[in-house]
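# need a structure here:
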Amino acid sequence: MSKNGCYLDVDGSSIYYEVTGNLKGKPLVLLHGGLGCIYDFDCILSYIPSDYMIIAVDFRGHGKSFLGSENLSYGRYQKDIESLLTYLGINKFSIFGFSDGGIVGYRLAAEHNSKVLQLVTLGSQWRLEPNDPSTELLRGLTAEFWITHFPEEVARYNKSNPKPDLSRLLDSVKNLWLDISCTGYPNDQVTQIKCPTFVMRGDNDFLFSLSEAHTLIDRLANASFMNIPFTQHEAHKEYPELVGLAINRFLSNS
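Okay, the predicted model is just below:
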């Protein structure tokens, strides 16, 4: 697939995006996870049906996008995606979001249920309960930890980002992860999602538990669920064949 990378200025940031696939096809927006980037989807692009136009976006501060001065939140990400789609003249679209990207996908699908035609999420929480075991883990993350455990991703970020500052980005993202206000997780707004929805999680994903996934499914009007064996949080990277084929079938038949 040839790639066409561009920037769009939105509220003090320049948001990087790429358009690939069938440029006359049905729009599919790819939204990556926290501290990730567009590159994280390369392993499954070949599984996207050929009748889709793919719009992959680097969230502000991530990948090649500028961080800007505004506080990061899922609501802020949502506004950025809305601005981009308006700029591109896209009124109806589907979404595949991983982790943070799926949380933004829930928010978009809940607020724009006549525009979002299909929603796929992987490893994406829909709420943060006071006793959630991930809270202390997320609060304690440091730049040093990230550099040690994700050296390739950090090297890519430092090379591609126009103004790399991992410590500042991590602090901003931690605030986003722990945000329990209206700019954060969708919570029971997920009941407003009307489109066909495909929720996935890795069988050993400690950030998005099986019980939370089942509780979410019960609140969705039209949902399918897949628990992916032998994988953790980044199941699409660990088992791209299975994840890719499942996404292909959902997009082709829902």
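# how about the helices in the chain?
Taking DSSP state H as the criterion, the chain contains helices spanning 74-88, 100-111, 134-139, 143-149, 151-160, 166-177, 210-219, 235-238, 240-253.
# switch those over to a markdown table; also include distance to C6, mean pLDDT and mean neighbour count.
C-beta: built from backbone N, CA, C; applies to glycine. A markdown table is the format used below for those (distance: least, C-beta to C-beta, whole Å; pLDDT from 0 to 100; neighbours: other C-beta atoms under 10 Å):
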| stretch | distance to C6 | mean pLDDT | mean neighbour count |
| --- | --- | --- | --- |
| helix 74-88 | 10 | 98 | 19 |
| helix 100-111 | 19 | 98 | 26 |
| helix 134-139 | 32 | 88 | 13 |
| helix 143-149 | 28 | 95 | 13 |
| helix 151-160 | 15 | 96 | 14 |
| helix 166-177 | 22 | 97 | 17 |
| helix 210-219 | 34 | 98 | 15 |
| helix 235-238 | 25 | 98 | 20 |
| helix 240-253 | 24 | 98 | 17 |
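# possible to save those helices as TSV with distance to W126?
Shown next, in TSV, are those (distance: least, C-beta to C-beta, whole Å):
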stretch	distance to W126
helix 74-88	11
helix 100-111	6
helix 134-139	13
helix 143-149	25
helix 151-160	25
helix 166-177	14
helix 210-219	5
helix 235-238	17
helix 240-253	18
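# ok, which of these comes nearest S46?
Proximity of these to S46 was assessed by C-beta to C-beta; the nearest stretch is helix 240-253, lying at 7.1 Å.
# just checking, what packs against that closest one?
Helix 240-253 sits against strand 116-122, strand 197-202, strand 223-228, helix 235-238, with contacts defined as 3 or more C-beta pairs under 8 Å, 6 or more residues apart in numbering; DSSP states H and E.
# just want the angle from that helix to strand 197-202.
170 degrees (axes from the mean of the first three to the mean of the last three C-alpha atoms, to 10 degrees).
# contacts for helix 240-253?
28, 43-44, 46-49, 52, 94, 96, 118, 120, 122, 196, 198, 200, 224, 226, 228, 235-236 (C-beta atoms under 8 Å, 6 or more residues apart in numbering).
# make CSV from the helices and strands packed on helix 240-253 and add distance to E152 to it.
Below are those laid out as CSV (distance: least, C-beta to C-beta, whole Å):
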stretch, distance to E152
strand 116-122, 20
strand 197-202, 20
strand 223-228, 22
helix 235-238, 11
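# tell me which of those lies nearest to L108.
Nearest of the helices and strands packed on helix 240-253 (C-beta to C-beta): strand 116-122, 5.8 Å.
# any idea of the mean pLDDT in that closest one?
For strand 116-122, mean pLDDT rounds to 98.
# neighbouring contacts of that strand?
26, 92-99, 101-103, 105-106, 108-109, 193, 195-201, 235-236, 243, 247, 250-251, 254.
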